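Visitor: Here is my input; please provide its structure:
(chains A and B)
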Amino acid sequence: MKKNIHNWAYLLLLVAFVSINGCRPNYPELVEPLSIKTTYLKGTWKASKVTQYDQEAIDNGFPVSVQQQDITSNYPFSDYTITFNLDAQNRPTTYTLTPGTAPNYLALTSGNWSVNHPVFANVIMFSDPNVTTVGRFVVKMIDKDRLTLRMERRDAASANPDPDKRTMFLFYEYEFTRQ
Amino acid sequence: MKKIFFSLLSVLAFAFVAQAQINIPINASTNNSFISNVPSFGFSDPIKLIVDVSGVPVLKAEVDANKPIYIWAFIGSDAPTNGQWLNSNEANRMTQVGAAGADKYKWSIVIPSVKEFVAITYNQAKQVAVAAGRPETATRLGFLVKGKNGDGGIKSGDIEIPFVGPVYIPTETRTFPANYSQEDVVTIIYDQNLEDNAAMKASTTVYLYIEGDINGNNTIPVSQANVGTSTTPSMRMIDKGNKMFTYTFVPNRFFTIPAGQRLTKIRYTVRSQNDQNINGGQKVSNLFRAQ
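Guide: Take a look at the predicted model:
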């Protein structure tokens, strides 16, 4: 009898569990922040395409044809390469950026790199031991052989003290392929 | 005296233009409502909402008790100026139209623009419209009016009114992107399809003359080949087909900028090779300073 009581209790718990879950509203799944595994980045990446975006045109909902422009062929962006190095524990160490004669908005060419969060990182930060400037790329997409990084250009004259919340007036997206 | 009169008239005219706004009268009720028959206004237009709260008993009682009325705005998300539901931000406090009679229950507020007040882009407003099952251009400003403390339902129903978004109007010349700094890639685009000048419209080759302003003045001329002569291949715009011409450059590479100074403006003219024909005069583009 005691065993039967236990069985009934388990059954009731199971029914309650199913009921509670069944009553949950059907919310859409949250989009998780892109998690960069630093090992994915290890190696040398070469730019294959650079697209410039007009943030004002995007904000205004203007036609796509006036929101973006492929500028790959305007400057030798195909010479633009970045090498990410890791230590033995797969922690970020140094980087080398070779822009060639293409514009380099990072304004850095070598130093140390890091990511903005140990688990939910979506930003790669670059520093140069010789200058106080710190540059950053936002990671838009990464897979085995392809990497898309976004360089955001924000208004330095904005009153907002937080650089990440200043008005973004344009951005560039660099599509890289692994070398 | 005549001079003073016209000066005064100019000041008054300027004041009128500067304060030009669209008045939008609204009758609030306890029910949620979409009010479509309001004066048309744009996403970036200043508007004055004049809300009659006499149809909402709890708000009428607030006014009768000499308590103020506040606006609570939203488009998908709440406006950042709203404050807290139990303690509305004073920035959203409305102004009583009159002290007595029907005006006692009319409260107004001037909103600099939907864009600024709700801190949203038009693209985001379009996404909210689509999420609500409407066409993307059926954008709406949502708001309600409430007491300082909204606890206990001291509020009207939700009110939505339509607004129109910015419209892209092609022009003969423009820059891509619209805003840029001296380090950015910028493209000057010339659409010959829209050309008014018959000679320019017939030109198969078009050229640019570019000047830059450093620190707000001190115009510096183009640093490349002399565009005043006929031998200026570097300033010839690239024919992209369909009567579209472009010229792409990076300002701080194109101009020789003195150390420690920055470009603040670029002035450009689209013209024929020998300067006999000019498209609509000089255009000016202001530069940002990237952080």
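Visitor: For chain B, what lies in contact range of chain A?
Guide: Residues of chain B that fall close to chain A, judged by CB under 8 Å from any CB of the partner chain: B:121-123, B:126, B:136, B:165-166, B:168, B:176-181, B:183-185, B:187, B:248, B:250, B:253, B:288-291. Where you see a C-beta, it was placed from the backbone N, CA and C, and this is true even at glycine.
Visitor: What subset of those residues is buried?
Guide: Buried members of the residues of chain B next to chain A, scored by 16 or more other CB atoms under 10 Å in any protein chain shown, are B:121-123, B:126, B:165-166, B:176-181, B:183-185, B:187, B:248, B:250, B:288, B:290.
Visitor: Narrow the residues you listed to those in helices?
Guide: Mapping those onto helices (DSSP state H) picks out B:122, B:123, B:126.
Visitor: Could you dump the residues you listed into a markdown table and include pLDDT?
Guide: Shown next, in a markdown table, are those (pLDDT from 0 to 100):
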| residue | pLDDT |
| --- | --- |
| B:122 | 95 |
| B:123 | 93 |
| B:126 | 95 |
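Visitor: Just the element for the residue nearest to the spatial centre of chain B, please.
Guide: The geometric centre of chain B, computed from its C-alpha atoms, lies nearest to residue B:44 (CA atoms, centre = their mean), at 4.6 Å. Using DSSP states H and E, residue B:44 falls within no helix or strand.
Visitor: Let me see the contact set for residue 63.
Guide: This is for chain A. Residue A:63 makes contact with residue B:168, according to CB atoms under 8 Å, 6 or more residues apart in numbering or on different chains.
Visitor: not what I meant, chain B
Guide: Counting by CB under 8 Å, 6+ apart, residue B:63 touches B:53, B:69, B:96, B:104, B:105.
Visitor: give me phi/psi at it?
Guide: Phi and psi for residue B:63, reported as degrees, to the nearest 10, are phi -60, psi -40.
Visitor: So which of the contacts of residue B:63 is surrounded by the most neighbours?
Guide: The most crowded member of these, judged by other CB atoms under 10 Å in any protein chain shown, is residue B:69 (29 neighbours).
Visitor: Excluding residues flanking it in the chain, which one is nearest that one?
Guide: residue B:107 (4.3 Å; CB to CB, 6 or more residues apart in numbering or on different chains).
Visitor: Contacts for the strand or helix carrying that neighbour, please.
Guide: Element membership for residue B:107 (DSSP H and E) is strand B:106-111. Strand B:106-111 is contacted from outside by B:21, B:46-53, B:68-69, B:71, B:73, B:92-98, B:117, B:145, using CB under 8 Å, 6+ apart.
Visitor: Let's see it as PDB, backbone CA atoms only.
Guide: Extracted C-alpha coordinates of strand B:106-111, given in PDB (Å, rounded to 0.1, in the frame of the first residue of the first chain):
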ATOM      1  CA  LYS B 106      -7.500  69.500 -22.000                       C
ATOM      2  CA  TRP B 107      -3.800  68.900 -21.500                       C
ATOM      3  CA  SER B 108      -1.100  69.400 -24.100                       C
ATOM      4  CA  ILE B 109       2.500  68.500 -24.700                       C
ATOM      5  CA  VAL B 110       4.900  69.400 -27.500                       C
ATOM      6  CA  ILE B 111       6.900  66.500 -28.800                       C
END
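Visitor: Close to chain B: what parts of chain A are there?
Guide: Of all the residues in chain A, those lying near chain B are A:52-63, A:66, A:69, A:71, A:74-75, A:103, A:105, A:153-157, A:163, A:166, A:169-170, going by CB under 8 Å from any CB.
Visitor: Show me the domain layout of chain B.
Guide: Chain B breaks down into these domains under automatic domain parsing: B:18-162, B:173-286.
Visitor: what would those look like in JSON lines with distance to residue A:111?
Guide: Shown next, in JSON lines, are the domains of chain B (distance: least, CB to CB, whole Å):
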{"stretch": "domain B:18-162", "distance to residue A:111": "35"}
{"stretch": "domain B:173-286", "distance to residue A:111": "20"}
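Visitor: in stretch B:256-274, what counts as buried?
Guide: Buried residues in stretch B:256-274, counted by 16+ other CB under 10 Å: B:257, B:262, B:263, B:264, B:266, B:268, B:269, B:270, B:271, B:272, B:273.
Visitor: Okay, and the fourth one sits in which element?
Guide: If I follow you right, that is residue B:264. Per DSSP H and E: residue B:264 is located in strand B:263-271.
Visitor: Angles on the backbone of residue 90, please.
Guide: Using chain A. Torsion angles at residue A:90 (phi, psi; degrees, to the nearest 10) stand at phi 60, psi 30.
Visitor: wait, chain B
Guide: According to degrees, to the nearest 10, residue B:90 has phi -60, psi -20.
Visitor: so where do the strands sit in chain A?
Guide: Here chain A has its strands, by DSSP state E, at A:43-54, A:68-70, A:81-86, A:92-98, A:110-115, A:123-127, A:134-142, A:146-154, A:168-178.
Visitor: count of residues packed around the residue nearest to residue B:69?
Guide: Neighbours of residue B:107 (other CB under 10 Å): 25.
Visitor: Next one: it from residue B:147, what distance?
Guide: Going from residue B:107 to residue B:147 by CB to CB, to the nearest Å gives 11 Å.
Visitor: Common neighbours of these two, please.
Guide: Both residue B:107 and residue B:147 are contacted by residue B:69, under the criterion CB under 8 Å, 6+ apart.
Visitor: Could you give the bridge partners of residue B:160?
Guide: Bridge pairing for residue B:160 (DSSP bridges) gives the partners residue B:34, residue B:142.
Visitor: residues touching it, list them.
Guide: B:33, B:34, B:35, B:140, B:141, B:142.
Visitor: Then residue A:168?
Guide: Contact analysis of residue A:168 by CB under 8 Å, 6+ apart lists A:55, A:152, A:153, A:154, A:155.
Visitor: go again using 7 Å as the cut-off
Guide: Residue A:168 makes contacts with A:55, A:152, A:153, A:154, as judged by CB atoms under 7 Å, 6 or more residues apart in numbering or on different chains.
Visitor: what pLDDT does the second one get?
Guide: At residue A:152, the predicted lDDT confidence score is 94.
Visitor: what about it, neighbour count?
Guide: 20.
Visitor: So in terms of bridging, what pairs with it?
Guide: Beta-bridge partners of residue A:152, as defined by DSSP bridges: residue A:171.
Visitor: sorry, back to before: phi and psi next, for the residue nearest to the centre of chain B.
Guide: Dihedral angles of residue B:44 (phi, psi; degrees, to the nearest 10) stand at phi -110, psi 10.
Visitor: what's the answer for the one 4 residues further on, then?
Guide: When read as degrees, to the nearest 10, the backbone of residue B:48 gives phi -120, psi 110.
Visitor: who's in contact with it?
Guide: B:21, B:23, B:24, B:108, B:110.
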